[in-house]
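Peer 1: Give me a model of this one.
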Amino acid sequence: MSTKRRSKYRLEQRARRRGKPVEVWVTDEEKAEIDARANSAGLSRSAYMRAAGLNHRVGAIADLDAVRDLVKVNGDFGRLAGLLKLWLAEKRGQGARPFDVEALMMQFRELQHQTRAIMSRIVFKKK
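Peer 2: Numbers count the residues shown, from 1 in each chain. The predicted structure follows:
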């Protein structure tokens, strides 16, 4: 492709980028609903309508909060796993008592339950 052709192609490509408005007639209630959904997704009305019209997934800001919670729980898993590893690496008789290890394992199970609950909240909220 010649330089002249390439330049023209790039110029045409830039000129076509989101430069055409699309009118959609809605009631006041529908507009309010669209605005609320766009706001909950952290998008402008235009960006929300574009994504919805092109059948792209529109995530909500609430998803980010749930993921943040999941990261915190995952950090707790890491800390508990480190403690368990330390206890198990100690010399025999100097490590944790079996009762303490069992209590730690119960905490692991509780954290696993919390993680599943958070993940379910993310997944089933989308449907």
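
Peer 1: Helix or strand: which one has Ala96?
Peer 2: For Ala96, there is no enclosing helix or strand under DSSP states H and E.

Peer 1: For the residue nearest to it when sequence neighbours are not counted, give its distance to Gly78.
Peer 2: Nearest residue to Ala96, sequence neighbours excluded (CB to CB, 6 or more residues apart in numbering): Trp87, at 3.9 Å. Using the backbone N, CA and C atoms, a C-beta is placed for each residue, glycine as well. Trp87 sits 15 Å away from Gly78, going by CB to CB, to the nearest Å.

Peer 1: So for whichever strand or helix holds Leu88, mean pLDDT?
Peer 2: Assigned by DSSP H and E, Leu88 falls within helix 61-89. For helix 61-89, the mean pLDDT works out to 78.

Peer 1: Any buried residues in it, and which?
Peer 2: For helix 61-89, the buried set under the neighbour-count rule, 16 or more other CB atoms under 10 Å, comprises 63, 66, 69-70, 73, 84.

Peer 1: will you turn these into CSV that also has distance to Ser46?
Peer 2: As requested, the buried residues of helix 61-89 are exported to CSV (distance: CB to CB, whole Å):
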residue, distance to Ser46
Asp63, 21
Ala66, 26
Asp69, 31
Leu70, 31
Val73, 36
Leu84, 51
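
Peer 1: Give the next helix or strand downstream of the helix holding Leu88.
Peer 2: Criterion used, DSSP H and E; the element after helix 61-89 is helix 98-126.

Peer 1: Distance from that next one to the middle of the chain?
Peer 2: 19 Å (CA atoms, centre = their mean, to the nearest Å).
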